[in-house]
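Undergrad: give me a 3D structure for the following:
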Amino acid sequence: MDKIKVGDTAKDFLLKDHNGQEVTLQGLSGKKVLLSFHPLAWTRVCAEQMKSLEANLERFSELNTVPLGISVDPGPSKKAWASEIGIEKTSLLCDFWPHGQVASDFGIFIEEKGISERANIIIDEKGKVVFIKIYPISELPYINEIIDQIGKY
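TA: Got it, this is the predicted structure:
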């Protein structure tokens with residue numbers, strides 16, 4: 001699929017988080033959503049990326065935004081990883097099966113590696129994509145840049 005573009009309507013999805021709770025994009029209507037894709041749990045940069053979401057939950061709340069971490073890892077692995085890195089309130093979604101389907105729907109699944117790109121996608125309260133940034137796999141996204149972007153919408 002083509003990469004999603006700013007101005008597109010985000011396709012709804014249903015994924016379970018690391019605690020087995022179902023999350024849908026439609027269920028978050030009326031809130032901004034930050035989809036923070038990371039390639040794999042249990043890696044240093046991905047851990048720092050997810051911890052930056054957790055550390056900024058109060059700011060996200062002030063901006064009417066729900067941050068979601070997403071990777072292709074299965075639920076049990078994500079649950080153990082969340083515990084290991086101290087994630088208590090941020091939902092870490094499992095795009096495990098069909099493998100990478102949500103990443104594919106957003107055009108950021110790397111087929112030959114079986115993982116998503118490292119990316120941040122901001123969706124506004126009406127389900128429109130307002131910001132997309134794809135990062136080199138080894139680069140930690142700068143969370144303040146993302147928070148500044150959210151504040152613009």
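Undergrad: show me where this structure has helices.
TA: Counting by DSSP state H, the chain has helices at residues 44-55, 57-62, 75-85, 101-105, 143-151.
Undergrad: using a markdown table, please lay out these together with mean neighbour count and mean pLDDT.
TA: The C-beta positions use only the backbone N, C-alpha and C, and glycine is treated the same way. As requested, those are arranged in a markdown table below (neighbours: other Cβ atoms under 10 Å; pLDDT from 0 to 100):
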| stretch | mean neighbour count | mean pLDDT |
| --- | --- | --- |
| helix 44-55 | 18 | 98 |
| helix 57-62 | 14 | 98 |
| helix 75-85 | 17 | 97 |
| helix 101-105 | 19 | 97 |
| helix 143-151 | 16 | 97 |
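Undergrad: other residues contacting stretch 83-102?
TA: When contacts are taken as Cβ atoms under 8 Å, 6 or more residues apart in numbering, the neighbours of stretch 83-102 outside the stretch itself are 13, 15-19, 21, 23, 41, 47, 50-51, 53-54, 57, 66-75, 78, 81-82, 103, 109, 114-116.
Undergrad: sorry, back to before: any idea which of the helices of the chain gets closest to residue 136?
TA: Set against residue 136 and scored by Cβ to Cβ, these come closest in helix 44-55, at 9.8 Å.
Undergrad: just the C-alpha atoms of the closest one, please, in CSV.
TA: Included here for helix 44-55 are C-alpha records, laid out as CSV according to Å, rounded to 0.1, in the frame of the first residue of the first chain:
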residue,chain,number,x,y,z
ARG,A,44,17.3,0.1,23.4
VAL,A,45,16.0,2.8,21.1
CYS,A,46,12.5,1.4,21.1
ALA,A,47,12.5,1.2,24.9
GLU,A,48,13.6,4.9,25.1
GLN,A,49,10.9,5.8,22.5
MET,A,50,8.1,4.2,24.6
LYS,A,51,9.5,5.5,27.9
SER,A,52,9.3,9.0,26.4
LEU,A,53,5.6,8.5,25.8
GLU,A,54,5.0,7.4,29.4
ALA,A,55,7.1,10.3,30.8
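Undergrad: which strands and helices sit next to that helix?
TA: Counting by 3 or more Cβ pairs under 8 Å, 6 or more residues apart in numbering; DSSP states H and E, the packing neighbours recorded for helix 44-55 are strand 32-37, strand 65-71, helix 75-85, strand 118-123, helix 143-151.
Undergrad: and with 10 Å instead?
TA: strand 32-37, strand 65-71, helix 75-85, strand 91-94, strand 118-123, helix 143-151 (3 or more Cβ pairs under 10 Å, 6 or more residues apart in numbering; DSSP states H and E).
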